[in-house]
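# no sequence for this one, just the structure:
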């Protein structure tokens, strides 16, 4: 091979690496469950799709400007927390005592650092509190009043618990109170991202299950269950019947199947969601992204609010 | 082979299976950390050893009478929770606010059912509350007042928070308050067992870290982090710097390494505790038992209160 040809090949090789590193992608969910055309009529589905698109574009804005996966996940989840459509932040469901208790977690795949809050009642954006726990406390998981107080001390926006009142969730609470029905129980929002620096991050935020017992903690604030991110494997955020996701360590298990058994992201997601959880009776789904930008949106329920975006692609959003 | 010889061989084979199934074993820990001959003088070490032995014999009594691993784990942990020497139950350390907030969890390897409580203040035996969550609630993890109230409703023994005052822990709290020293921070109790029916179970109970923030939840009540049990692999209970154990999903990771990479129990324990955690700076240790009765007591600290017992063997206890 002549010298100039060799140098040209080197340059092409380096550019291709550099191009590869500039890939970014982001996936979101807004809860999985009994989501059918019957209980989500077209007009409502359009409202969800519009908000999911807004969330995706918000995250993309961070990523395309070279921002971190962590910042993209945070910004994206805040959009959904501020929207009453989703069971997180503003739209949180009610506990059996008629209060709102929210959980959230975030994890940085670069260094496996993580933060989470459980059972908070006054923090406008629980995902910011999770991040503050990660970055400004020696702990990973803070719960209850201690977490609310910590967030206040760190200057996060505190709201009166009445901020989280929405008529739709209250009606649903009243229905369940009367009939102990099973409907509309779950709901969570989550986001995973790969940034242009090759870092992964994952975050999850929820109001929990409608009619949950005071003090009940689901999988969302449990690192390894509802959220996991490791640059060597993948970033995962879960939604569904949280108790199953804790017992099966779902988010970490998908990472472990990739690392220890060499499964692809989609194979690992299928193994956990479509086999293990389905057999056990655990409803729900996950969104995930691996270090190469491959994504998965896998659920064993009738629907999952979800969407994805990546460099050079338009946002795609789905409900059923 | 003649017919009578063949039948004899069959009988021997069946008896050997039946004998194998009648194996039982139980392993306990009472916390890992800066445990040296300097800060644990001989007399104190003997006190610990005596109580560890009592705990082992209590668990063995259950197992040798054909009781379940779950019952053995529960009874064994109660002995340690009722003893002021260990940072769990009676001997729980103080939070930065001078209160006691305890965590506990339990998991049944037969069916992956699990229960846990976090930040409880009035339950004499948090391990019983964890078990009640598993057996008498639809949830896996309950925290704070909600958990205390649940335990009371279920008829568990409730005590005034002053029950958990011990002079030794209070002095330690006062020292840390003055000097913000690092000593005497951790401490947990745990138990894993294999019963004669071939079932595994694991349980963990703790007062958390001295000077922890109000509301801080460590790994002990987090299924997958501080506790895991699966009849197909192993049962694990952890002790140490809980934040690392959550981020590395330690208990579940040991199970995953056995299941997905075919490591032995000890290889898996070494990989997680002596490599991953040590490299990350996460102090602590684990006790574990696999479905064949192999045991592990692995720690990367100077000492871990620990012991084991199995069918036909005398109890063995260790401090350093």
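Happy to help now that I have it. Note that the structure is a prediction, hence the values are computed from the model and not measured. Numbering: from 1, shown residues only, chains lettered A, B, ... in the order given.
# Now residue A:70, what are its backbone angles?
Here is the backbone geometry of residue A:70 (degrees, to the nearest 10): phi -60, psi -50.
# can you pull the contacts of residue A:269?
A:254, A:286, A:288, A:296, A:298 (CB atoms under 8 Å, 6 or more residues apart in numbering or on different chains). C-beta coordinates here come from the backbone N, C-alpha and C atoms, glycine included.
# Do I have it right that the first one meets residue A:234?
Yes - in this structure, residue A:254 sits in contact with residue A:234. The criterion is CB atoms under 8 Å, and the distance is 6.4 Å.
# List the residues that are in contact with both of those two.
By CB under 8 Å, 6+ apart, the residues touching both residue A:254 and residue A:234 are A:228, A:265, A:268, A:288.
# Now do the closest residue to chain B within the stretch 1-150 of chain A against residue B:95, distance only.
Using CB to the nearest CB, the single residue of the stretch 1-150 of chain A nearest to chain B is residue A:146, 2.1 Å away. Plainly put, residue A:146 is 9 Å away from residue B:95 if you go by CB to CB, to the nearest Å.
# shared neighbours, the two?
B:213-214, B:216.
# Scan these and report the most crowded one.
residue B:216 (28 neighbours; other CB atoms under 10 Å in any protein chain shown).
# what's the residue in the stretch 201-320 of chain A positioned nearest to chain B in contact with, if anything?
Of all residues in the stretch 201-320 of chain A, residue A:215 sits closest to chain B, at 2.1 Å by CB to the nearest CB. If you count contacts by CB under 8 Å, 6+ apart, residue A:215 has them with A:101, A:119, A:144, B:142-147, B:149-150.
# Name the nearest of the residues you listed relative to residue A:45.
Of all the contacts of residue A:215, residue A:45 sits closest to residue A:101, with 28.3 Å by CB to CB.
# list the contacts for the closest one?
Residue A:101 neighbours (CB under 8 Å, 6+ apart): A:92, A:95, A:119-121, A:207-208, A:212, A:214-216.
# Does stretch A:105-125 reach chain B?
Yes - Stretch A:105-125 is in contact with chain B by CB under 8 Å from any CB of the partner chain, via A:107, A:112-114, A:118-119.
# re the thing from before, which of the shared contacts of residue A:146 and residue B:95 are close to chain A?
Within the shared contacts of residue A:146 and residue B:95, those near chain A by CB under 8 Å from any CB are B:213-214, B:216.
# Kindly check the end-to-end length of stretch A:287-304 for me.
Stretch A:287-304 stretches 10 Å from its first residue to its last (CA to CA, to the nearest Å).
# Show me what counts as buried in that stretch.
Within stretch A:287-304, the residues scored as buried using 16 or more other CB atoms under 10 Å in any protein chain shown are A:287-291, A:295-304.
# Mean confidence (pLDDT) on it, please.
Averaging pLDDT along stretch A:287-304 gives 97.
# Now stretch A:151-167: buried residues?
Under 16+ other CB under 10 Å, the buried positions of stretch A:151-167 are A:151, A:156, A:163-164, A:166.
# Strands along chain A, start to end?
A:25-33, A:102-108, A:113-120, A:141-143, A:189-194, A:200-206, A:216-217, A:227-229, A:234-240, A:284-290, A:295-299, A:303-310, A:316-318 (DSSP state E).
# Would you mind putting these into a markdown table with distance to residue A:274 alongside?
Below are those laid out as a markdown table (distance: least, CB to CB, whole Å):
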| stretch | distance to residue A:274 |
| --- | --- |
| strand A:25-33 | 13 |
| strand A:102-108 | 24 |
| strand A:113-120 | 27 |
| strand A:141-143 | 29 |
| strand A:189-194 | 18 |
| strand A:200-206 | 20 |
| strand A:216-217 | 26 |
| strand A:227-229 | 19 |
| strand A:234-240 | 13 |
| strand A:284-290 | 10 |
| strand A:295-299 | 7 |
| strand A:303-310 | 13 |
| strand A:316-318 | 17 |
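# Now do the contacts for the closest residue to residue A:113 other than its chain neighbours.
Among residues not flanking residue A:113 along the chain, residue A:134 sits closest, at 5.5 Å (CB to CB, 6 or more residues apart in numbering or on different chains). Listed by CB under 8 Å, 6+ apart, the contact set of residue A:134 reads A:106-108, A:113-115, A:140.
# In ChimeraX, select just the buried ones from the residues you listed.
Applying 16+ other CB under 10 Å to the contacts of residue A:134, the buried members can be selected in ChimeraX as follows:
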select /A:106,107,108,113,114,115,140
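# circling back: gap between the residue of the stretch 201-320 of chain A closest to chain B and residue A:121?
Distance from residue A:215 to residue A:121, by CB to CB: 12 Å.
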